[in-house]
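[1] The sequence isn't on hand, but the structure is:
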Ligand SMILES: CC(C)(COP(=O)(O)OP(=O)(O)OC[C@H]1O[C@@H](n2cnc3c(N)ncnc32)[C@H](O)[C@@H]1OP(=O)(O)O)[C@@H](O)C(=O)NCCC(=O)NCCS
């Protein structure tokens, strides 16, 4: 018997199927055993297909967006010369059959993003699916390079010109080198890269094998690899899917110039350039400077499991002003808590503090007098912040961190009052679990303080700190090791007080 996947492979030869739903792409990003396809057939003819990726999250089963895929969803094979209303009727019939299939699968969540050409979301809406709009920017090949250039603001044109001057050449590098630069973006933010090196290596190899990928790398005038972009394409569109940046090159505008080069390459090849729109504010602000058409597409979603509905509602409630239960946490009446802040159970916020929008503070923390927590800062559980500390945007404190009185965080290495860099360019600081920072110490931004390290009073930290290190002086140098319990380890790495040994 012919399987659905075999029929779908034939369907893909006859109908335009976006890159992300092509069988080889699904095999690459999902693993061949983790995706399948539902078909809507009329006799022997496949009239519509819905490839889908199933992800097991604990005991929950999600149909969800495949990794590195902007869209999946239903692909319609329309009969020729259909009236608009007949086309919509056909779409409705297919969606009704698809939702019946989805509901029969017994998944906990259905969530797929549809390609921008799909607009008829009402049949989903009528079945209580939610429809969440997203935006990408697209530049179509009917535009000439001159038209595109003249659409840019003069400030942006100057940035691109500077980037072009700072670029020695645009070339390709080895996959390994490309991946290392891509990983740097996450390292800088103090978060782990969402994809393993093996996954990325296989991804790049497969896109290359199917002639569906092109690498663009900017080598700057110092000979350093400064920016990289990997674009993938199908018969109609080229998508900017992976990008890497050398943190030392962020200001030389080679990134702006490189992306402009990618756009021109797409247009020369008669492809629409799709920026793979991001919901992250800083990235959106960067992309929109290229004056592409804001193009809407839809995320269609339904949760079938009541437990998931409840836990999602709880998460949302936590972000509402006033959610913090006065019996569960304490906020002194002289302090200001902005909208969209979450404060965990048992946390105490003392006099004259300000917690800004989007900040998340865990359970059983204590904020002394005159503490400021900036926008979107995340603070773990059992964190103690002494008087007069500002935790700026870009700083993350893990569980059990201690910030001594009047210690100072920073988020801009080269500040200028007249040339603000904007929050997207703040350098991140990650303070890992159990670390302590002494009174009046300064942490120069862009560094990670390892687990259970200890920073002496008045020290100025200028580089990454290893776990358990005792750092003192200006600039701070390692002068020893400290146990988890706070005991300074003198002659051995085993603590005389609690018996623990550090690695
Ligand atoms: C770094 C620290 C943990 C060292 O404690 P310790 O081992 O008992 O220190 P000692 O007094 O034995 O000093 C050891 C050496 O380090 C030096 N030293 C101590 N604290 C220092 C500091 N903050 N900066 C620079 N050097 C320091 C001492 O001068 C001494 O140097 P020497 O051997 O050349 O004489 C401690 O001094 C410190 O700064 N703790 C933080 C206190 C704090 O800020 N608490 C906040 C909450 S109130």
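    In hand now; what should we look at? Computed from a predicted structure; not experimentally measured.

[2] So the residue in the stretch 301-450 of the chain that the ligand sits nearest to versus residue 459, what's the distance?
    Minimum separation of the stretch 301-450 of the chain from the ligand (C-beta to the nearest ligand atom) falls at residue 438, amounting to 3.0 Å. Placement of C-beta: from N, CA and C, glycine included. Between residue 438 and residue 459 the distance is 7 Å, computed by C-beta to C-beta, to the nearest Å.

[3] Give me the more crowded residue out of those two.
    Counting neighbours by other C-beta atoms under 10 Å for residue 438 and for residue 459 shows that residue 459 has the greater number, 25 against 18.

[4] Name the nearest residue to that one, sequence neighbours excluded.
    residue 476 (4.1 Å; C-beta to C-beta, 6 or more residues apart in numbering).

[5] What of residue 472?
    Per C-beta to C-beta, 6+ apart, closest to residue 472 is residue 456, 3.5 Å.

[6] Just give me how far the host helix or strand of residue 138 sits from the chain centre.
    Here residue 138 sits within strand 130-139, counting by DSSP states H and E. Distance of strand 130-139 from its chain centroid, counting by C-alpha atoms, centre = their mean, to the nearest Å, is 16 Å.

[7] thinking again about what came up before, wait, what's in contact with the residue of the stretch 301-450 of the chain closest to the ligand?
    For residue 438, the contacting residues are 404, 407, 454, 455, 456, 457, 458, 459, by C-beta atoms under 8 Å, 6 or more residues apart in numbering.

[8] Local confidence estimate at the second one?
    What that stands for is residue 407. If you check residue 407, the pLDDT there is 98.

[9] and it, how many neighbours?
    25.

[10] go on, the first one?
    Neighbours of residue 404 under the rule other C-beta under 10 Å: 20.

[11] and if you look at the fourth one?
    Other residues lying near residue 455 total 28 when counted by other C-beta under 10 Å.

[12] tell me the pLDDT at it?
    98.

[13] what's the spacing between it and residue 436?
    Relative to residue 436, and taking C-beta to C-beta, residue 455 is found at 7 Å.

[14] what packs against the lengthiest helix in the chain?
    Criterion DSSP state H: the longest helix present in the chain is helix 84-105. The contact analysis (3 or more C-beta pairs under 8 Å, 6 or more residues apart in numbering; DSSP states H and E) places helix 84-105 against strand 35-42, strand 45-57, strand 75-76, helix 122-126.

[15] wait, what's in contact with the residue nearest to the residue of the stretch 301-450 of the chain closest to the ligand when sequence neighbours are not counted?
    Leaving aside its sequence neighbours, residue 438 sits nearest to residue 457 (C-beta to C-beta, 6+ apart; 3.8 Å). Taking C-beta under 8 Å, 6+ apart as the contact definition, residue 457 lies against 404, 438, 439, 440, 441.

[16] Point out where the stretch 251-400 of the chain drops to low pLDDT.
    The stretch 251-400 of the chain contains residues with pLDDT under 70 at 319, 321-327.

[17] how does it look with 80?
    Applying pLDDT under 80 to the stretch 251-400 of the chain picks out residues 277-280, 282, 314-315, 317-327.

[18] What segments of it are strands?
    272-274, 293-303, 330-331, 336-337, 342-343, 348-349, 354-355, 360-361, 366-367, 372-373, 378-379, 384-385, 390-391, 395-397 (DSSP state E, counting those that start in this stretch).

[19] can you tell me which of the contacts of residue 457 lies nearest to residue 153?
    Of all these, residue 441 has the smallest distance to residue 153: 42.4 Å, by C-beta to C-beta.

[20] Near the closest one, how many other residues are there?
    A count of neighbours around residue 441, defined by other C-beta under 10 Å, yields 24.

[21] Can you pull up the residues of the stretch 301-450 of the chain that come close to the ligand?
    404, 438, 439 (C-beta under 6 Å from any ligand atom).

[22] Those residues into CSV, with extra columns for secondary structure and pLDDT?
    Output for these, formatted as CSV (DSSP: H, G, I helix; E, B strand; the rest coil; pLDDT from 0 to 100):
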residue, secondary structure, pLDDT
404, coil, 98
438, coil, 98
439, coil, 98
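
[23] now these as JSON lines including distance to residue 98?
    Formatted as JSON lines, those follow (distance: C-beta to C-beta, whole Å):
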{"residue": "404", "distance to residue 98": "58"}
{"residue": "438", "distance to residue 98": "60"}
{"residue": "439", "distance to residue 98": "62"}
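
[24] What is the three-state secondary structure of residue 8?
    The three-state label given to residue 8 by DSSP: H, G, I helix; E, B strand; the rest coil is helix.

[25] Go ahead and confirm it touches residue 23.
    Yes. The pair residue 8 / residue 23 is scored as a contact, 6.6 Å apart, by C-beta atoms under 8 Å.

[26] Now for the two: what residues contact both?
    Shared contacts of residue 8 and residue 23 (C-beta under 8 Å, 6+ apart): residue 51.

[27] Not counting residues beside it along the chain, what's closest to residue 98?
    In space, and not counting its chain neighbours, residue 98 is closest to residue 50: 5.5 Å by C-beta to C-beta, 6+ apart.

[28] where does the one you found land on pLDDT?
    With respect to pLDDT, residue 50 scores 98.

[29] that older thread, buried set for the longest helix of the chain?
    Within helix 84-105, the residues that count as buried by 16 or more other C-beta atoms under 10 Å are 90, 91, 94, 95, 97, 98, 99, 102.

[30] any chance of these in TSV, with pLDDT and distance to the ligand too?
    Putting the buried residues of helix 84-105 into TSV (pLDDT from 0 to 100; distance: C-beta to the nearest ligand atom, whole Å) gives the following:
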residue	pLDDT	distance to the ligand
90	97	70
91	97	65
94	98	65
95	98	62
97	98	66
98	98	61
99	98	60
102	97	57
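
[31] and of those, the nearest to residue 259?
    Distance to residue 259, by C-beta to C-beta, is smallest for residue 91 among the buried residues of helix 84-105, at 34.8 Å.

[32] For the closest one, give its distance to residue 48.
    Counting by C-beta to C-beta, the gap from residue 91 to residue 48 is 8 Å.

[33] now swap in residue 211 and tell me
    According to C-beta to C-beta, residue 211 stands 27 Å off from residue 48.

[34] those strands in the stretch 101-250 of the chain, which residues are they?
    For the stretch 101-250 of the chain, the strands defined by DSSP E, counting those that start in this stretch occupy 109-113, 130-139, 167-171, 213-220, 225-233, 237-245.

[35] buried ones in the longest one?
    Within strand 130-139, the residues scored as buried using 16+ other C-beta under 10 Å are 134, 135, 136, 137, 138, 139.
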